[in-house]
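Undergrad: predicted model, plus sequence, below.
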Amino acid sequence: MMGFNFLDIFASAVVFTLAIVLTFVKMPDGEHWRAIRRMNKLLIICYIVMGISNIVTAILMGNDSPSPIMMVSILVVSMYQAMLFTATCVVFIYPKKISVSWLIINAVVIAIISVGIVTLVCMKGNFVEVGIWTGIIAYAAELAYYCRLFSNSYKNSLRKLEENFDEDMRDSLRLVKNSFIGALAVGICALMFVIFRLGIICYNTFTCIYVVYYVYLVISVINYRIESGYIIKAIASDEKASDKSPDNENIEAELPPLAINPDAETQLSDALDKWVKEKQYVRNDQTVEEIATELGTTHTMLKWYFTNRMHTTFRTWRQNLRLMEAKRLLSDENIPTSAIHKLIGVADKSNFHKLFRKQEGMTPQEYRDKLKH
């Protein structure tokens with residue numbers, strides 16, 4: 001019993017410390033960061049509540065199987081935890097998806113279900129099992145709904161990012177995806193604990209798992225704040241474009257091709273030559289819209305030019321330039337092979353290896369070894 005109390009108290013101390021850390025994470029003041037600032041505040045509250053919950057758990061949990069009240073406590077806390085963690089992950093990739101009304105509606109629904117469960121358990125007798133299993137079914141349904149919500153948000157965000165940056169952006173969303181998978185794993189562990197009425201040893205293991213996840217989530221929030229501003233920029237740009245009236249969208253879609261203006265084509269060609277000489281293609285922090293603006297044209301015109309004049313896509317063209325630069329860098333033995341992908345603007349090392357192998361038929365290291373002979 002003492003060991004268990006100590007573990008819960010330790011977990012509570014860790015969670016309270018993490019809540020303090022989150023209070024020092026300052027999000028930018030821009031409008032598009034509003035939802036993320038709100039979720040950061042809610043996470044702080046969530047961590048404080050979880051710290052208190054750990055203390056309560058130490059009191060309610062006995063040496064044998066947990067009591068019905070303990071089971072209900074786990075279910076209720078887990079339902080709110082799932083809501084907040086899912087909302088946090090979705091906000092990271094699709095800020096407008098999680099509104100204040102969404103949070104209120106979900107919180108109220110969970111509260112109603114919780115009151116129903118507690119009422120049934122307090123009626124005792126056969127109602128105890130009915131209450132617990134009602135909570136189990138409700139929690140499982142909640143997890144399924146949140147999985148679908150995150151999956152749809154992830155796909156939409158990935159599509160928008162790839163449209164804006166015109167390259168594979170899965171690595172950019174990996175941190176958020178892993179955060180959600182971690183939250184889901186914690187949720188499933190809680191569900192299994194209640195379904196099978198596991199004892200203290202399993203609960204101790206579960207406590208360690210979710211404390212590790214809480215630490216990971218805070219690290220993810222900090223890393224997101226530091227590294228992922230371009231995601232917010234791209235999503236914000238897409239949302240701004242979607243706010244255009246249909247008439248404006250049609251006008252943009254029907255813009256005349258550059259072919260009717262030879263001077264504009266020549267200017268774009270010269271701008272692209274200069275862009276290549278300056279090796280701007282190794283940058284990965286610009287949207288295609290921003291690149292087009294630097295080149296003195298629009299995204300629509302740039303796309304038309306590559307399709308009708310270059311007979312390729314901007315994405316493929318830039319990818320080939322990056323791989324050519326990679327081969328040049330591989331000829332320099334002073335540059336580590338492991339650093340090449342970053343130097344050419346490819347964020348994901350595995351993606352770089354896949355692209356390089358597809359074009360050259362060998363890995364970057366094999367290519368370097370070949371150059372030595």
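TA: Received, thanks. Numbers count the residues shown, from 1 in each chain.
Undergrad: okay, the nearest residue to residue 188 once chain neighbours are set aside: pLDDT?
TA: Spatially, and ignoring its direct neighbours in sequence, residue 188 is nearest to residue 143 (7.3 Å; CB to CB, 6 or more residues apart in numbering). Placement of C-beta: from N, CA and C, glycine included. Among the per-residue scores, residue 143 holds a pLDDT of 98.
Undergrad: and the residue nearest to residue 312 when sequence neighbours are not counted, what does it touch?
TA: Residue nearest to residue 312 in three dimensions, not counting chain neighbours: residue 306, with 5.9 Å by CB to CB, 6+ apart. Residue 306 is in contact with 312-314, 317, counting by CB atoms under 8 Å, 6 or more residues apart in numbering.
Undergrad: now find how far off-centre the one helix or strand residue 264 maps to is within its chain.
TA: Secondary structure assigned from DSSP states H and E places residue 264 in helix 262-277. Remark: helix 262-277 is offset 37 Å from the chain centroid, using CA atoms, centre = their mean, to the nearest Å.
Undergrad: list the buried residues of that helix.
TA: Residues of helix 262-277 classed as buried: 264-265, 268, 272, 275 (neighbour count, 16 or more other CB atoms under 10 Å).
Undergrad: got the contact list for it?
TA: 258-259, 281, 291, 294-297, 301-302, 305, 309, 321.
Undergrad: let's go with 7 Å and repeat that
TA: 258, 295-297, 305, 321 (CB atoms under 7 Å, 6 or more residues apart in numbering).
Undergrad: coming back round to it: where does the residue nearest to residue 188 fall, helix, sheet strand or coil?
TA: helix (DSSP: H, G, I helix; E, B strand; the rest coil).
Undergrad: identify the residues contacting it.
TA: Residue 143 neighbours (CB under 7 Å, 6+ apart): 82, 184, 187.
Undergrad: of all those residues, which comes closest to residue 331?
TA: Using CB to CB, residue 184 comes nearest to residue 331 of those, at 45.2 Å.
Undergrad: who's in contact with that closest one?
TA: Residue 184 touches 143, 147, counting by CB under 7 Å, 6+ apart.
Undergrad: off-centre distance for the helix or strand encompassing it?
TA: Under the criterion of DSSP H and E, residue 184 resides in helix 174-195. Taking CA atoms, centre = their mean, one finds helix 174-195 lying 14 Å from the centre of the chain it belongs to.
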